[in-house]
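>>> What shape does this take:
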Amino acid sequence: MCEAKVYVSNDGQEQKVMEDVVLIQPEGDAYLLVGLLGEQKLVQGRIDKINFLKHTVHLSQPQEQPPG
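All right, here's what the predicted structure looks like:
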């Protein structure tokens with residue numbers, strides 16, 4: 001099987017947000033993560049790296065935009 005672990009980086013700290021992810025679907029400025037058993041999580045961010053050998057996906061939190 002090819003499930004992945006998804007990590008989110010925020011201020012240099014990386015945190016695992018979900019395991020056994022089988023689908024990552026873009027939803028605007030976020031990604032819908034769907035697990036092997038159908039669980040779902042919506043995560044804000046952008047993809048920084050996908051490592052197919054380690055089955056990991058690394059996201060980073062969007063930077064705060066100063067008021068324009």
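
>>> What ranges does this structure have for its strands?
With DSSP state E, the ranges of strands along the chain come out as 4-10, 13-27, 30-35, 40-44, 46-51, 56-60.

>>> could these go into TSV alongside mean neighbour count and mean pLDDT?
(C-beta placed from N, C-alpha, C; glycine too.) Putting those into TSV (neighbours: other Cβ atoms under 10 Å; pLDDT from 0 to 100) gives the following:
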stretch	mean neighbour count	mean pLDDT
strand 4-10	18	96
strand 13-27	13	97
strand 30-35	18	98
strand 40-44	13	97
strand 46-51	12	96
strand 56-60	19	97
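
>>> Okay, and the beta partners of the nearest residue to P26 once chain neighbours are set aside?
Among residues not flanking P26 along the chain, L32 sits closest, at 7.9 Å (Cβ to Cβ, 6 or more residues apart in numbering). Per DSSP bridges, residues listed as beta-bridge partners of L32: Q25, L42.

>>> isn't L32 right next to L42, touching?
Yes: using Cβ atoms under 8 Å as the test, L32 is close enough to L42 to be in contact (5.5 Å).

>>> sorry, back to before: for the residue nearest to P26, give its distance to L59.
Computed with Cβ to Cβ, to the nearest Å, the distance linking L32 and L59 is 12 Å.

>>> Make sure Q15 is actually in contact with K5.
No: the criterion here is Cβ under 8 Å, and Q15 misses it with K5 at 11.1 Å.

>>> how close does L33 get to Q25?
Remark: distance between L33 and Q25 (Cβ to Cβ) = 8 Å.

>>> For the closest residue to C2 other than its chain neighbours, list the residues it contacts.
Beyond its immediate neighbours in the sequence, the residue positioned closest to C2 (Cβ to Cβ, 6+ apart) is H55, lying 6.6 Å away. Contacts of H55 were listed using Cβ atoms under 8 Å, 6 or more residues apart in numbering, and they are C2, E3, A4, K5.
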